[in-house]
Every structure is written in C-alpha cells, then in structure tokens.
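Asks: need a structure here:
(one chain, ligands or ions: 1)
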Amino acid sequence: MADAKHDVVIVTPIYAPSLQRLDELFTLHRLWDVKDRAAFYAPLASKVRAIGSSGHAGADAAMMDALPKTEIITCFGVGYYAIDIAAAKARRIAVTNTPDVLTDDVADLALGLLIDVARRISRGDRFVRAGGWLKGSLEFGTALKGKKVGIVGLGRIGHATAKRAEAFGMEILYHGRRPQPEVGYRYYPDLIGLARDCDFLVLTLPGGPETRNLVTADVLAALGPQGMLINVARGSTVDEPALVAALKSGAIGGAALDVFADEPRVPAELMGMDNVVLQPHVGSATHGTRGAMGQLVIDNLLAHFAGKPLLTRVA
Ligand code: 8YV
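Replies: Residues are numbered from 1 along each chain as shown. Predicted coordinates for the structure are as follows:
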C-alpha cells in the first residue's frame with residue numbers, strides 16, 4: 001500500500017498550479033474562508049505536521065497551539081514578517097521562505113516604477129486615453145542618467161536593483177545596518193543624509209518591527225520637492241500618513257508604490273495624485289517566479305517529510 005499522504009494546512013491561496021501540485025502530494029486543508037477556526041482545527045490537531053502560509057497571511061502562536069504537532073511552516077514569499085518567528089522557535093518549529101527566485105522580478109519592478117514615475121509613463125497613458133494629447137502636450141519628466149539612487153537595504157533585491165540602475169547611468173548610494181566596502185557604492189549610516197543626497201529613494205529593506213516607519217516625515221523632507229520615493233519592500237517601512245502629507249504639500253516630487261500599510265487598502269488621497277504610480281503588490285507576480293516560489297515550498301515540505309535538510313530555512 002502506498003504511504004498515506006501527509007496532512008498540510010494551507011492558510012492562504014498561493015499560485016494555483018503550485019496549489020494543484022501540493023494537492024497531488026499532500027492532503028491539503030484550506031484555511032481561507034473558514035468561519036469557525038476551532039471546528040476546523042479540532043480534527044487536525046493530532047495529525048497536521050506542516051503549515052503553508054505567506055508573508056502576508058502569516059502564522060501566529062494561536063495557530064501553532066491549535067496545531068500542536070506542527071514541525072514546519074513554509075512561507076510563500078521572501079518576507080516572513082507575519083510569521084511569529086519567536087513563537088515558532090519556542091515550539092521548535094522550522095520556518096522556510098522563498099529567497100533568490102524572486103530577486104530579479106522585484107528588482108525589475110523597482111526599476112520599472114522608477115522609470116514610470118520619472119518619465120511619467122502611467123501619467124502619459126492616462127493623458128492619451130483622456131484625449132489630453134489632442135489639446136496639448138504632457139509636462140516633461142525627469143531624466144535618469146546622472147541621477148543618484150539611494151537604496152535602503154542593500155540585500156539581494158537591493159543589489160539587483162542597483163545593478164539595473166547602474167545600467168541606466170545612475171550613481172548608487174545606500175543605507176543599511178552596515179557598510180559593504182566591497183560594493184564600491186557610497187554608504188550612509190544615516191537615512192536622512194542619504195535622502196538628502198539622492199534623487200530617487202528606493203526601499204528594498206525587510207519589513208517587521210525593526211524597520212517600522214523608518215521613512216518618516218523628516219526623511220521625506222530631506223528627499224525634497226524634486227525627490228521621488230519607490231517602495232517595493234513593505235508598506236510598514238513608511239509612515240504612510242506622512243507620505244500622503246508630503247505628496248500633498250509638494251515636500252517630495254512623486255512616489256511609485258507596490259506596497260502599502262494596510263493592503264489591499266490604498267489611501268484614498270493617493271488615488272487622485274498624478275505624480276504617484278500605484279501597483280497592487282506585484283513584485284514577484286510573474287508565472288515563472290510564482291511557480292519557482294511554489295516549487296520551493298513543495299521542495300521544503302518534501303525535504304522535511306523525508307528527514308532531509310531544508311532548502312531555505314530562516315529559523
Ligand atoms: C508575496 C512578497 O509574498 O516575497 C515577498 O516577500 O512580498 C511577495 O512575493 C507574494 O505576494 C505572495 O504572498
């Protein structure tokens with residue numbers, strides 16, 4: 001007789017083809033749309049050893065306690081801030097994420113957003129569709145060449161973004177916890193100093209409590225009326241009301257945002273601003289990358305149940 005399939009609780013609907021493959025390999029228990037969580041957990045408490053979640057849906061201590069046989073939590077995403085890592089550690093639960101496979105896509109989007117807000121691509125599109133071109137011309141944008149990009153968080157995605165910006169003739173500056181002398185870019189220990197010196201401030205840093213509201217009204221004031229903010233990291237890293245106020249008053253020149261403090265809710269005031277580019281958190285949203293992320297989730301689960309080392313363990 002074939003081995004019985006392992007039971008896995010899936011917290012949120014991930015990339016559909018990966019979910020289908022997970023369905024073939026495991027007995028999945030879908031948590032989304034469940035009204036009565038206690039009733040859902042009760043029959044699973046004695047048999048579920050794995051939870052699949054995402055950086056947004058997360059997993060808290062209550063979930064771990066409701067499924068006390070849990071040995072592993074896989075995160076579909078590189079950011080795992082919504083998973084209570086301390087609670088997982090205390091219960092000796094392993095946590096995995098999906099780094100590397102999404103780096104290029106997120107960096108591509110960061111550059112795409114930078115070009116869009118600088119050269120007014122979305123704005124030009126709206127202008128043409130609304131018949132504006134028949135009446136006049138679009139206001140000019142800002143050139144990239146020779147401008148300074150301030151990367152906040154020079155990790156995998158920050159490096160990939162810097163490389164792309166260099167190809168456009170831009171100068172790279174960065175802020176992070178520590179200097180990386182080998183990169184040859186100018187390091188700023190102070191975020192306000194970086195904001196003051198750069199034209200485009202690009203956020204590629206991790207989320208979580210340590211970076212909450214790192215981009216304050218003062219940082220935005222330092223970026224200045226010609227400066228532009230690009231965020232492909234987490235909405236939590238920016239004081240969002242301060243950002244709205246800075247855009248309203250002209251304290252900064254524009255913003256291009258893929259992430260927000262309370263997704264999928266976007267501050268209503270941003271909707272009418274022509275110098276703001278808005279995206280629905282799609283940094284990693286290509287078929288190839290979402291498939292690779294799903295495959296990492298699957299491979300980590302298979303490794304775990306086979307007693308093999310995990311591929312991308314974070315805790
Ligand atoms: C999301 C992301 O995880 O990897 C991350 O940290 O923000 C994204 O890739 C993705 O939307 C799946 O939830």
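Asks: contacting residues around residue 207?
Replies: By CB atoms under 8 Å, 6 or more residues apart in numbering, the contact list for residue 207 reads 55, 79, 81, 233, 234, 236, 237. The C-beta positions use only the backbone N, C-alpha and C, and glycine is treated the same way.
Asks: switch the cut-off to 10 Å
Replies: Under the criterion of CB atoms under 10 Å, 6 or more residues apart in numbering, the neighbours of residue 207 are 55, 79, 80, 81, 82, 233, 234, 235, 236, 237, 259.
Asks: Tell me the one among those nearest to residue 153.
Replies: For the contacts of residue 207, the closest approach to residue 153 (CB to CB) belongs to residue 233, at 6.7 Å.
Asks: still on that earlier bit, filter the contacts of residue 207 by proximity to the ligand?
Replies: Residues of those in contact with the ligand (CB under 6 Å from any ligand atom): 55, 79.
Asks: Same list, the contacts of residue 207, but as TSV with neighbour count and pLDDT please.
Replies: Converted to TSV, these look like this (neighbours: other CB atoms under 10 Å; pLDDT from 0 to 100):
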residue	neighbour count	pLDDT
55	19	92
79	21	96
80	28	96
81	20	92
82	18	94
233	28	98
234	24	98
235	20	98
236	21	98
237	24	98
259	21	98
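Asks: Next, format the contacts of residue 207 as TSV and append secondary structure and distance to residue 108.
Replies: Output for these, formatted as TSV (DSSP: H, G, I helix; E, B strand; the rest coil; distance: CB to CB, whole Å):
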residue	secondary structure	distance to residue 108
55	coil	19
79	coil	17
80	coil	22
81	coil	23
82	coil	25
233	coil	15
234	coil	18
235	helix	20
236	helix	23
237	helix	20
259	coil	15
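Asks: what's the nearest residue to residue 157 if we skip its chain neighbours?
Replies: residue 204 (4.4 Å; CB to CB, 6 or more residues apart in numbering).
Asks: wouldn't the one you found be in contact with residue 164 here?
Replies: No. Applying CB atoms under 10 Å as the test, residue 204 and residue 164 come out as separate, 11.5 Å apart.
Asks: Looking at these two, which is more packed in?
Replies: residue 204 (28 against 19; other CB atoms under 10 Å).
Asks: and the more buried one, what is it in contact with?
Replies: By CB under 10 Å, 6+ apart, the contact set of residue 204 is 103, 106-107, 110, 151-162, 174, 176, 230-233, 237, 283.
Asks: how close does it get to the ligand?
Replies: Per CB to the nearest ligand atom, to the nearest Å, residue 204 is found 11 Å from the ligand.
Asks: How about residue 183?
Replies: 23 Å.
Asks: Can you give me the neighbour number for that residue?
Replies: Residue 183: 15 neighbours (other CB under 10 Å).
Asks: so what's it up against?
Replies: Applying CB under 10 Å, 6+ apart, we find residue 183 in contact with 151, 154, 158, 159, 162, 172, 174.
Asks: ok so, going back, out of the contacts of residue 207, which one sits closest to residue 73?
Replies: Here the nearest of the contacts of residue 207 to residue 73, counting by CB to CB, is residue 80; it sits at 8.6 Å.
Asks: For the closest one, which non-adjacent residue is spatially closest?
Replies: Residue 80 sits nearest to residue 97 (CB to CB, 6+ apart), 4.8 Å away.
Asks: Same check on residue 10?
Replies: In space, residue 10 is closest to residue 52, 4.5 Å off (CB to CB, 6+ apart).
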